[in-house]
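> structure, please.
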Amino acid sequence: MSNNKYNDAISNTKIKQIALIIVIVTLFLLMAYQLAMFIPSLLGAITLYVISRKYNLYLIEKRNWKPWISALVIMLATVVILILPLYFLIDTLIEKLGNAQAYMDKFNDFLDKIHSYILSEVQIDILSKENLDKVKETAGQLSTTILSSTLNTVTIIASTYFLLYFMLVKPRVFERILTNAAPLKKTNVNLISEKIRKMIIANAIGIPVVAFGQGLAALVGYLIFGAPSVMLLFALTTIASMIPIVGGAIIYVPVALFMVAEGNTIPGIGLAIYCLVVVGLIDNVLRFTLLKKLEDIHPLNTVFGIILGMNLFGFMGLVFGPILVSVTLLLIQIYRDEFSDEDNVVIASDEEALAGIATTEDVEENNTNSTTNEP
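You can find the predicted model right below:
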């Protein structure tokens with residue numbers, strides 16, 4: 001009789017627990033849906049907070065600065081260090097693309113020359129008139145979108161700094177709220193927060209540095225081989241270098257083809273070889289040194305994470321796309337640690353999780369070896 005009452009109590013508790021979870025998830029999804037426009041701003045504020053957290057706490061707790069003064073100084077520093085270079089990069093693009101008609105005329109001439117050159121050399125109409133018209137139409141729509149999104153970008157940046165200010169003024173309270181809200185063990189909460197911190201730093205600092213390094217290397221090539229509008233190409237190559245798989249090649253390969261089609265065969269071929277070798281080398285060196293040092297991120301994580309993140313979050317997806325993939329893999333392992341009956345659960349790195357290394361058999365083998373080696 002007592003067992004039945006106990007089972008009924010457990011059943012009622014589980015029902016209440018499930019009902020509460022459904023209510024929480026529903027409210028969370030409702031808030032996320034209504035505040036979706038602020039998600040990029042929130043992600044941007046979190047990124048800047050993580051990057052500047054150490055310095056903010058130092059000014060408040062070690063130097064005894066007033067929190068609002070520390071917050072304003074940190075925000076000003078991030079504007080100077082992070083936002084201004086991005087502003088000048090975008091300003092260069094807008095200045096070059098501002099005269100839309102002249103730009104489209106040059107772009108159409110650019111495509112026509114590449115098309116004529118390929119057709120004369122290989123006798124195959126790779127770029128048919130229909131495909132060529134589609135490319136021109138897409139390019140026109142893209143240039144219009146870039147120009148029209150300027151106001152939206154300013155709004156996102158303003159919202160980002162509005163949220164960042166309140167995070168920086170009371171950093172300990174902000175972190176305590178997030179920690180207490182997480183329905184996990186404290187050790188696993190700390191594990192997730194440390195993982196997110198490393199991933200944010202690796203992506204927010206590492207990816208732009210790698211892209212800027214490739215852009216500088218390509219700029220040297222553009223200057224050496226006499227490419228047109230070198231500063232515009234530098235800006236485009238830097239931005240394109242953040243795109244997974246293709247990267248800056250979507251800029252310098254067409255430029256090299258254009259130079260060859262113009263009759264500058266040797267400089268065009270030289271630019272193509274230079275960029276494929278030097279820019280590719282810079283990419284590999286920086287990725288396997290800087291990014292490896294900041295956080296050991298699996299290449300598949302980066303590729304699929306950026307593709308996923310760009311679709312979900314826009315530009316901030318470059319940072320939070322890979323984080324989303326990594327945290328998902330980490331949560332699967334934490335679920336085993338929180339609710340599995342296994343005594344030993346290994347929280348693996350991205351490399352191990354994606355490769356399937358952290359398995360129960362590995363744990364059992366390690367336990368067996370340790371038992372065997374005991375005196």
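> tell me how many other residues crowd Ala202.
23 (other C-beta atoms under 10 Å). C-beta: built from backbone N, CA, C; applies to glycine.
> on the three-state scheme, it is what?
helix (DSSP: H, G, I helix; E, B strand; the rest coil).
> surely it is in contact with Arg287?
No. With contacts counted by C-beta atoms under 8 Å, Ala202 stays clear of Arg287, the gap being 10.7 Å.
> now do Leu232 against Lys66, distance only.
In this structure, Leu232 and Lys66 are 44 Å apart, going by C-beta to C-beta, to the nearest Å.
> of those two, who's got more company?
It is Leu232, of Leu232 and Lys66, that has more neighbours when counted by other C-beta under 10 Å, with 18 against 11.
> how about the helices in the stretch 101-250 of the chain?
Ranges of helices in the stretch 101-250 of the chain, per DSSP state H, counting those that start in this stretch, are 129-148, 150-169, 171-181, 186-201, 207-224, 230-240, 249-261.
> I'd like these written out as a markdown table, with mean pLDDT added.
Compiled in a markdown table, those are given as follows (pLDDT from 0 to 100):
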| stretch | mean pLDDT |
| --- | --- |
| helix 129-148 | 58 |
| helix 150-169 | 83 |
| helix 171-181 | 87 |
| helix 186-201 | 82 |
| helix 207-224 | 88 |
| helix 230-240 | 83 |
| helix 249-261 | 84 |
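> including distance to Leu27, could these go into CSV?
Converted to CSV, the helices of the stretch 101-250 of the chain look like this (distance: least, C-beta to C-beta, whole Å):
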stretch, distance to Leu27
helix 129-148, 34
helix 150-169, 20
helix 171-181, 13
helix 186-201, 21
helix 207-224, 34
helix 230-240, 38
helix 249-261, 43
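> tell me which of the ones you listed lies nearest to Leu318.
Checking those against Leu318 by C-beta to C-beta gives helix 207-224 as the closest, at 5.9 Å.
> now the closest one: buried residues?
Of all the residues in helix 207-224, those buried under the rule 16 or more other C-beta atoms under 10 Å are 207-208, 210-215, 217-219, 221-222.
> next one: stretch 192-207
The neighbour-count check on stretch 192-207 (16+ other C-beta under 10 Å) flags 192, 195-196, 198-207 as buried.
> now do that stretch: everything it contacts.
Applying C-beta atoms under 8 Å, 6 or more residues apart in numbering, the external contacts of stretch 192-207 come out as 46-47, 50-51, 178-179, 182, 184, 242, 286, 290-291, 294-295, 297, 318-320, 322-323, 326-327, 330-331, 334.
> filter those down to the buried ones.
By 16+ other C-beta under 10 Å, these give 46-47, 50-51, 184, 242, 286, 290-291, 294-295, 297, 318-320, 322-323, 326-327, 330, 334 as buried.
> buried stuff in stretch 165-185?
So stretch 165-185, judged by 16+ other C-beta under 10 Å, has buried residues Tyr165, Met167, Leu168, Val169, Pro171, Leu184.
> the second one: what's its closest spatial neighbour, skipping adjacent residues?
Nearest non-adjacent residue to Met167, counting by C-beta to C-beta, 6 or more residues apart in numbering: Tyr49, 4.7 Å away.
> please apply the same query to the first one.
If the residues on either side of it in the chain are set aside, Tyr165 comes closest to Ala71, at 5.3 Å by C-beta to C-beta, 6+ apart.
> so how far is Leu184 from the one you found?
Remark: distance between Ala71 and Leu184 (C-beta to C-beta) = 29 Å.
> likewise Ile60?
28 Å.
> equivalent analysis for Leu219, please.
Remark: distance between Leu219 and Leu184 (C-beta to C-beta) = 47 Å.
> then Val278?
On the measure of C-beta to C-beta, Val278 and Leu184 end up 47 Å apart.
> what's the neighbour count on the residue nearest to Met167?
Close neighbours of Tyr49, defined as other C-beta under 10 Å, add up to 20.
> give me the buried positions along the host helix or strand of it.
Under the criterion of DSSP states H and E, Tyr49 resides in helix 39-57. For helix 39-57, burial by neighbour count (16+ other C-beta under 10 Å) applies to 39-53, 56.
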